[in-house]
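**Student:** A predicted structure for the sequence below; I have some questions about it.
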Amino acid sequence: MTETFHPLVKRLLDGELSLGDLPPGLRGEGAEALRLLGAVDRTPVALSVQLEARVMAEVRRRARSPMRRIWRGLVEPRDIELRLRLRPWVVWGTALAAAAAVALLLTRPSPGPRGARPARLAARDSVYVRFVLYAPTAKQVAVAGTFNQWDRNASPLVRVGGGGVWAITLALPQGHHQYAFVVDGEQWVADPAAPGVDDGFGRRNSMVAVTARGARIL
Amino acid sequence: MGQREQATDGEVVRAVLAGDVEQYAVLVRRYRDRYARFAARMLGSLDAAEDAVQDAFVRAFDQLAQCREPAKFSGWLFLILRNRCFAERRRRTREGRALEATDEAIAGPDRPDGNVEQVEQAHALERALVDLTPEQREVFVLKHVEGLAYEEIAGMTGATVASLKMRMHRAYDRLRELLKEHS
């Protein structure tokens, strides 16, 4: 038969009561419980001085690995300078084509209420992905992910109409990206339209795979 | 070096992500000892704690791009270390190697201010802590060794205060039982 502490004694151990707050009949049990806590060893623990060197050696080795460089190349933003020599008719033709494309985009059926959707190919190695969240009570919404180094200010969504739908279209490089929405600057919300993946630390991220053929949520 | 040491966690994380790998040493120096005692008490051994802290730092580096809030790197690192401690305990259980509080530095040092009875009690408590479930042991260590409030523990672990209290109260009863068995 297990002998359990009285609930008031547990509150004593939690620091919510003092020994004097206990009824006289419980003070002996309370004193026994406090002796238990008195035996707790709180002395600091010192780790080896070589720990930092060992961690950094492993970190440097991993930073040099080809797989990591490929991954970084896929997910990290880069500044790209384009130098083009175009004939005037090409410029006008491109401008007209762009105007047509924008018109097409605007007249497309509105997307569903939620989620990351591929829109169209943006460049050779990136694709426009439309992020949509239904958040009628939100004052501001942003999307943060591996594509913007989880910067909650980098990609704010704009309210679409008056129905509580927020959206943004981003050009994402090909590869797998994890992301989440940030509502009102502090509340992280996984995309309800995309299956979440555990980030390994108890929270859920959404996944989108961007390929040359488009994007799909994972 | 001085400027590096004064940089915020967020600045350091962003620098590392941008390719300045050496800046990661700032985070290692900053947090290597903060969670060492937690790991040591969770695993019952200084050697195991050192391995866990080292693995946690390496894993955090691998996953750094997934760190949503670089300014909260320390809390994120704690979650990685915590998962690592739980995994180590599961692994040992699977292999039939129970944790043992054998390390002198962990299993109650002969403190100069303590008499023999106090030292014995500290050893007995340490042996009993090893027999708690990982979740019970975690909440006990965070509250009574690290001195955190339930609300702080809830913020770190994602558990509710009510569930933490329930876990702790079961731990009190189990410790009482174990200490009687050991004596």
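**Tutor:** Sure, I can see it.
**Student:** Please make it C-alpha for all contacts and neighbour counts, starting now.
**Tutor:** Fine.
**Student:** mind listing what residue 157 touches?
**Tutor:** Just going to use chain A. Listed by Cα atoms under 8 Å, 6 or more residues apart in numbering or on different chains, the contact set of residue A:157 reads A:140-143, A:166-168.
**Student:** wait, I meant chain B there
**Tutor:** Contacts of residue B:157 (Cα under 8 Å, 6+ apart): residue B:79.
**Student:** tell me the pLDDT at it?
**Tutor:** The model reports residue B:157 with a pLDDT of 89.
**Student:** circling back: mark which of the contacts of residue A:157 are buried, thanks.
**Tutor:** In the contacts of residue A:157, burial by neighbour count holds for A:141-143, A:166-168, counting by 16 or more other Cα atoms under 10 Å in any protein chain shown.
**Student:** so how far is chain A from the residue nearest to the spatial centre of chain B?
**Tutor:** Centroid-nearest residue in chain B: residue B:38, 2.8 Å away (criterion: Cα atoms, centre = their mean). As defined by Cα to the nearest Cα, to the nearest Å, residue B:38 lies at a distance of 9 Å from chain A.
**Student:** The closest residue to that residue other than its chain neighbours: neighbouring residues, count only.
**Tutor:** Computed as Cα to Cα, 6 or more residues apart in numbering or on different chains, the closest residue to residue B:38 that is not its neighbour in sequence is residue B:141, at 6.7 Å. Neighbour count for residue B:141, taken as other Cα atoms under 10 Å in any protein chain shown: 23.
**Student:** and what of residue B:146?
**Tutor:** The burial count for residue B:146: 16, using other Cα under 10 Å.
**Student:** Kindly state the domain boundaries assigned to chain A.
**Tutor:** A:7-38, A:110-217 (automatic domain parsing).
**Student:** what about the chain, any weak spots by pLDDT?
**Tutor:** Just going to use chain A. A:1-2, A:66-124, A:200-202, A:213-218 (pLDDT under 70).
**Student:** hm, I was asking about chain B
**Tutor:** Scanning chain B residue by residue, the ranges that satisfy pLDDT under 70 are B:1-3, B:96-115, B:183.
**Student:** do that again at 90, thanks
**Tutor:** B:1-7, B:14, B:17-19, B:33-34, B:44-46, B:63, B:65-72, B:87-131, B:156-158, B:179-183 (pLDDT under 90).
**Student:** and chain B, what are its domains?
**Tutor:** Chain B breaks down into these domains under automatic domain parsing: B:1-101, B:108-183.
**Student:** Compile those domains into CSV and extend it with columns for distance to residue A:45.
**Tutor:** Compiled in CSV, the domains of chain B are given as follows (distance: least, Cα to Cα, whole Å):
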stretch, distance to residue A:45
domain B:1-101, 5
domain B:108-183, 11
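**Student:** so where do the helices sit in chain A?
**Tutor:** With DSSP state H as the criterion, chain A has helices at A:7-13, A:27-38, A:51-63, A:66-75, A:88-107.
**Student:** Just the buried ones among the contacts of residue A:157: which are in strands?
**Tutor:** A:141-143, A:166-168 (DSSP state E).
**Student:** Chain B: which of those is nearest?
**Tutor:** Closest to chain B out of these is residue A:143 (11.1 Å), distances taken as Cα to the nearest Cα.
**Student:** show me the contacts for the nearest residue to the closest one once chain neighbours are set aside.
**Tutor:** Nearest non-adjacent residue to residue A:143, counting by Cα to Cα, 6+ apart: residue A:181, 4.4 Å away. Residue A:181 makes contact with A:133, A:141-144, A:188-191 under the criterion Cα under 8 Å, 6+ apart.
**Student:** swap in residue A:135?
**Tutor:** By Cα under 8 Å, 6+ apart, the neighbours of residue A:135 are A:164-166.
**Student:** Same check on residue B:9?
**Tutor:** B:27, B:70-73.
**Student:** And it, how far from chain A?
**Tutor:** Taken as Cα to the nearest Cα, the span from residue B:9 to chain A is 14 Å.
**Student:** and residue B:127, how far is that from chain A?
**Tutor:** Residue B:127 sits 11 Å away from chain A when distances are taken as Cα to the nearest Cα.
**Student:** Can I take it that that residue is in a helix?
**Tutor:** Yes - using DSSP: H, G, I helix; E, B strand; the rest coil, the secondary structure at residue B:127 is a helix.
**Student:** Just give me the neighbour total for it.
**Tutor:** 22.
**Student:** Tell me how far it lies from residue B:181.
**Tutor:** Noted for residue B:127: a distance of 11 Å to residue B:181, by Cα to Cα, to the nearest Å.
**Student:** which one of the contacts of residue A:135 sits closest to residue A:40?
**Tutor:** residue A:166 (52.5 Å; Cα to Cα).
**Student:** sec struct for the nearest residue to residue B:140 once chain neighbours are set aside, please.
**Tutor:** Sequence neighbours aside, residue B:168 is the residue nearest to residue B:140 in space, at 6.4 Å (criterion: Cα to Cα, 6+ apart). Following three-state DSSP, we place residue B:168 in the helix state.
**Student:** show me the contacts for residue B:168.
**Tutor:** B:136, B:139-140.
**Student:** Right, I'll call it a day here.
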